[in-house]
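Engineer: structure of the sequence below:
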Amino acid sequence: MRVAGLASNRGRNLLHIADTVDAAEFAVVLSNQEGAPVLSGAAERAIPTEVAVRADGESREAHEERVLEALDGYEFDLLLLDGYMRVLTGDFLDAVPTALNVHPSLLPAFPGTDAHEQVLEAGVSVTGCTVHVVDETVDGGPIVTQEPIPVFEDDDAASLKERVLHEGEFKAYPRAVRWFAADRVTVTDGEVTVEGDDGGEFPARRVTAEEFAADLRYGENPHQDAALYADRGCTEANVVTAPQLNPGAKDLSYNNYNDADAALDLVKEFAEPAAAVIKHTNPAGCATAATLADAYADALATDPMSAFGGIVALNRDCDAATAERVVESFKEVVVAPDYTDAALDVLTDEENLRVLAVGEAGFRGAGTDDSIERLTEKPLVGGRLVQERDLWAPDRADLEVVTERAPTDEEFETMLFAWRVLKHVKSNAILFADGTETVGVGMGQVSRVDAVRLAAMKADEHAEGKSAEGAVMASDAFFPFPDGIEEAAEAGVRAVIQPGGSVNDEDVIAAADDHDMAMAFTGSRTFRHD
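Structural biologist: The predicted structure is shown next:
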């Protein structure tokens, strides 16, 4: 799409669009000021330039005729204004394609040339910018897109202007141009519609509204500064807004929050009493049982050495019996819906153990799905990835038995348990389970067979009162070769749950049959890379 630009001074938005929007090519940039900096900036980018200065006493209409004459011969589909200090007439606008302008406030609030001063005088906490279609009014044309920007307590007009430009206008104006270039914008009878910009799960625009919650001691490492931001609209149980019940203990660190979030997310998988111990966002162990205390004991026994200094999450109110077991070894944080008074007496007696109460809302096993956050995201330099949370887990009817031997009822139960835990293990991931407790976890390997070996080693060397003999193995993606099955058989695994879908599935199934293993496919993988 070819565009033309009008600017009276620096034209920083026009130059930014020229530098960043590949879908738009500037046909010309015109200024009504001789020597305006935008002209040299355009020339440096090999963009043709024109100048049409309004003479003393010259009427607006006559000047606009000269501007149109200067633009004549340049083909363009969109006219972009940037600090063009003239109100355009209807005749001029009828003679050019759709014209856009960017204004440094969230219109209709604070129109005019002193928007930042108006914002500060009004004492609002949020300002921003607006890209709108130009009409004969002052900053009154139909809105195409906006970008909110917070107003800080120490802002003055200069600091606000720079932030609105760089964090607002430099996002919103190029976005609008890209929409026009993609033919997604319709302007009819003073209204603007943008195809695809109608909300939905992945909207064309995203606005976050987290509030500063706390300074953290440091980030992942002591040389990194860090802070916590809170989404006050989140109703799912979470560690960000959870009260810390032992205020005398030190505050949570960046890593504590990260691990506590991972631990809580895991125990939300289960309706039965469940406990998990997390280290560096990976499960060191997880179990369900008839009582919370037994679930914790079984989870801890998976890998008590790795669990040292870890995070404990529980999906039931913590009672004294469970608390007594938790404090038998050093833990950083305990997360639970709530605590009995007797449990708090035990836990708060530990000087460096942080105790978080997250409340009942949002536990998936408690039938509160309406409150669950549906998306998750990962910030990148220059943007962010957004995806649906992996909330799916198979039930027995979803499993396709592919081996000669079918799983027993007990193996089916363990497969379903193992898959729910496996979802929370970093890829490549392998998990051994027996009953409804983990036996060995192989996480974060670049080779799937190495993940099997790691899980077998953990079960053999680190698990207390457990072994891989007779266990179920879960894999987060298909086995590309039979070697992973061979390693599992040597460790004593008797059944396997995996997605299937490899070109070598037949060889993998044959290897399982050779060892009288039962194998079921889920048809869906569960990679986790963060």
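Engineer: residues in contact with Gly200?
Structural biologist: By C-beta atoms under 8 Å, 6 or more residues apart in numbering, the contact list for Gly200 is empty. Bear in mind the C-beta positions are built from the backbone N, C-alpha and C, glycine included.
Engineer: next, it: secondary structure please.
Structural biologist: Classification of Gly200 using DSSP: H, G, I helix; E, B strand; the rest coil returns coil.
Engineer: measure the residue lying closest to Arg217 once chain neighbours are set aside to Ala495 for me?
Structural biologist: Sequence neighbours aside, Ser253 is the residue nearest to Arg217 in space, at 5.5 Å (criterion: C-beta to C-beta, 6 or more residues apart in numbering). Remark: distance between Ser253 and Ala495 (C-beta to C-beta, to the nearest Å) = 40 Å.
Engineer: name the residue in the two with the higher neighbour count.
Structural biologist: Neighbours per residue (other C-beta atoms under 10 Å) separate Ser253 from Ala495, with Ala495 holding more: 27 against 19.
Engineer: just the C-alpha atoms of the helix or strand containing Lys161, please, in CSV.
Structural biologist: Applying DSSP states H and E as the criterion places Lys161 in helix 157-163. This file holds the C-alpha atoms of helix 157-163, laid out as CSV (Å, rounded to 0.1, in the frame of the first residue of the first chain):
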residue,chain,number,x,y,z
ALA,A,157,4.2,17.3,30.2
ALA,A,158,7.6,16.6,28.7
SER,A,159,8.0,13.1,30.2
LEU,A,160,4.4,12.2,29.4
LYS,A,161,4.8,13.4,25.8
GLU,A,162,7.8,11.2,25.2
ARG,A,163,6.2,8.1,26.8
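Engineer: same for the following helix or strand past that helix, what does it pack against?
Structural biologist: Elements were assigned by DSSP H and E; along the chain past helix 157-163, the next helix or strand is helix 170-181. Contacts defined by 3 or more C-beta pairs under 8 Å, 6 or more residues apart in numbering; DSSP states H and E place helix 170-181 against helix 12-20, strand 78-82, strand 99-103, strand 126-133, strand 143-150.
Engineer: which of the ones you listed sits closest to Glu413?
Structural biologist: strand 143-150 (49.6 Å; C-beta to C-beta).
Engineer: list the strands paired with that closest one, with their directions.
Structural biologist: Neighbouring strands of strand 143-150 in its sheet, by DSSP bridges, are strand 126-133 (antiparallel).
Engineer: about what we covered before: now the helices and strands packed on helix 170-181 in TSV, with mean neighbour count?
Structural biologist: TSV is the format used below for the helices and strands packed on helix 170-181 (neighbours: other C-beta atoms under 10 Å):
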stretch	mean neighbour count
helix 12-20	20
strand 78-82	24
strand 99-103	24
strand 126-133	23
strand 143-150	20
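Engineer: please name the nearest non-neighbouring residue to the most centrally placed residue in the chain.
Structural biologist: The residue lying closest to the centre of the chain (C-alpha atoms, centre = their mean) is Glu377, at 1.1 Å. In space, Glu377 comes closest to Val386 once its chain neighbours are excluded; the distance is 4.5 Å by C-beta to C-beta, 6+ apart.
Engineer: same check, this time on Gly500
Structural biologist: Counting by C-beta to C-beta, 6+ apart, the residue nearest Gly500 is Phe521, at 3.4 Å.
Engineer: Gln224 too?
Structural biologist: Closest residue to Gln224 apart from its sequence neighbours, by C-beta to C-beta, 6+ apart: Tyr218 at 5.8 Å.
Engineer: tell me the SS of that neighbour?
Structural biologist: Assigned by three-state DSSP, the conformation of Tyr218 is coil.
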